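Peer 1: everything below, folded, please.
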Amino acid sequence: MKWKTFSIGLLIISLFSGCSAHAKEVKIENTEVNVDSEEIIATTNKSLPLNLSEDRAKQITHLMIHFISNAALKPEDPYNVDDVYSLFKEYNVSVHYLIDRNGEIYSLVPENRVAYHAGKGSLSDFPEYENKMNDFSIGIELIAMGTKEEMTAIIPEDIYNQIDPSLAGYTDAQYQSLNRLVHNIVKRNPSILHDRRHIIGHDEYAPERKTDPGSLFDWSRIGF
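Peer 2: Residues are numbered from 1 along each chain as shown. Predicted coordinates for the structure are as follows:
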């Protein structure tokens with residue numbers, strides 16, 4: 001297998017919705033990445049503050065997919081990447097990757113660090129992971145929204161009614177980027193099996209409190 005070293009320049013733009021005043025925000029101008037030369041995935045670095053992640057000690061076995069938007073605060077413009085990025089810092093949460101509506105992939109936390117994206121929950125097949133999924137997973141957020149029922153579980157209905165209904169769901173560009181990213185991560189982390197026991201939605205881990213990626217997410221678009 002041939003490996004290739006390449007540099008990715010950072011577009012410093014800023015990325016909630018799951019810091020201390022002295023937290024240090026790390027912005028990487030260029031990153032040297034060694035990957036299989038046939039599987040290069042270009043990402044834009046938007047590093048979150050180091051206090052929003054921690055060193056990883058467990059083997060990665062899962063991928064978790066989420067949706068995120070700024071609909072609660074800006075229903076007229078819920079998909080602004082800078083606004084979404086600020087929510088991670090405001091709510092003290094983090095994720096490894098963010099995919100915007102155009103399919104651009106942002107790297108927020110290195111895979112060798114634990115991001116705070118899963119929270120409390122459990123999987124029947126992995127009882128030992130109860131409330132510990134962050135330790136064993138990589139999190140991917142797509143900038144998107146679900147159905148009215150799914151969204152009004154997390155934002156007031158009068159706010160939801162201000163949102164353009166055509167904005168619900170996911171774009172073709174997002175599915176294309178997510179599919180490439182998932183296959184790349186699985187290839188580099190063979191401990192993550194490419195099946196629906198190991199590649200899951202947030203709503204499967206925490207169904208009592210989470211609705212993402214929701215019923216509008218088409219799992220067949222990423223091979224399931």
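
Peer 1: make sure residue 211 is actually in contact with residue 146.
Peer 2: Yes. With contact defined as CB atoms under 8 Å, residue 211 reaches residue 146; the gap is 5.7 Å. Yep, even glycine has a C-beta here, placed from its N, CA and C like the rest.

Peer 1: of those two, which one has the most company?
Peer 2: residue 146 (23 against 20; other CB atoms under 10 Å).

Peer 1: show me what contacts that one?
Peer 2: By CB atoms under 8 Å, 6 or more residues apart in numbering, the residues touching residue 146 are 67, 168, 169, 211, 212, 213, 214, 215, 216.

Peer 1: now those: which count as buried?
Peer 2: For these, a neighbour count by 16 or more other CB atoms under 10 Å gives the buried set as 67, 168, 169, 211, 212, 213, 214.

Peer 1: in the protein, where is pLDDT below threshold?
Peer 2: In the predicted model of the chain, residues 1-39 satisfy pLDDT under 70.

Peer 1: for it, longest helix please?
Peer 2: helix 172-188 (DSSP state H).

Peer 1: any idea how far residue 187 is from residue 58?
Peer 2: Separation of residue 187 from residue 58 (CB to CB, to the nearest Å): 20 Å.

Peer 1: same deal with residue 43?
Peer 2: 23 Å.

Peer 1: please convert the contacts of residue 146 to JSON lines, extending it with secondary structure and distance to residue 115.
Peer 2: Shown next, in JSON lines, are these (DSSP: H, G, I helix; E, B strand; the rest coil; distance: CB to CB, whole Å):
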{"residue": "67", "secondary structure": "strand", "distance to residue 115": "16"}
{"residue": "168", "secondary structure": "coil", "distance to residue 115": "26"}
{"residue": "169", "secondary structure": "strand", "distance to residue 115": "25"}
{"residue": "211", "secondary structure": "coil", "distance to residue 115": "20"}
{"residue": "212", "secondary structure": "coil", "distance to residue 115": "15"}
{"residue": "213", "secondary structure": "coil", "distance to residue 115": "17"}
{"residue": "214", "secondary structure": "coil", "distance to residue 115": "21"}
{"residue": "215", "secondary structure": "coil", "distance to residue 115": "25"}
{"residue": "216", "secondary structure": "coil", "distance to residue 115": "24"}
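
Peer 1: out of those residues, who's nearest residue 155?
Peer 2: Residue 155 lies nearest to residue 211 out of those, by CB to CB, at 10.9 Å.

Peer 1: thanks again, I'm all set now.
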